[in-house]
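Engineer: sequence unknown, structure follows:
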């Protein structure tokens, strides 16, 4: 049995590379979600006309890694206090968000956000919202760090 989770934590290349390191994660797809247009392209998302976030869809084995553990890693892998940016990447497409697929993950994410707040001096800006259609990004965005032999700043799980 597998489950899915969707996270946005800045540029999807690093987020994808980070989640791929988590034992129990079977696959990660970079893409776009949370916007108002169908089949958005990278160029459209970057032009700020679609409302989408760069996000990753994580396919995982819940017998090997719990959703709670994925959310805990999410808080550590980026700065959730930044609004519409991560590091040098600025724009609403780089916002921090957890896109929930049902009420149970929402409750887990909300409780985790409250607990995580103790680790940050500024308020957590992460949105926790219902998932909408996840649109996979163009092929050249998938496994970007693997294909380009570039190191990633995302911490190990």
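Structural biologist: Cool, the structure landed. Just so it is clear, the structure is predicted and the values come from calculations on it, not from any experiment.
Engineer: From here on, just use CA atoms for contacts and neighbour counts.
Structural biologist: Will do.
Engineer: So what touches stretch 16-33?
Structural biologist: Contacts made with stretch 16-33 from outside it, assessed by Cα atoms under 8 Å, 6 or more residues apart in numbering, are listed as 12-13, 40, 45, 52-65, 77, 131-138, 141-143, 145-146, 152, 154-157.
Engineer: where does the lowest-mean-pLDDT helix or strand in the chain sit relative to the chain's centre, distance-wise?
Structural biologist: Taking all helices and strands of the chain together, the one with the lowest average confidence (mean pLDDT, DSSP states H and E) is helix 144-148, at a mean of 74. If you compare the mean C-alpha spot of helix 144-148 with that of the full chain, they lie 18 Å apart, counting by Cα atoms, centre = their mean, to the nearest Å.
Engineer: Now do the buried residues in the longest helix seen in the chain.
Structural biologist: Taking residue count as the measure and DSSP state H as the definition, the longest helix of the chain comes out as helix 103-116. By neighbour count on 16 or more other Cα atoms under 10 Å, the buried set for helix 103-116 is 105-106, 109, 112-113, 116.
Engineer: cool, stretch 82-99 as well?
Structural biologist: The neighbour-count check on stretch 82-99 (16+ other Cα under 10 Å) flags 82-86, 90-99 as buried.
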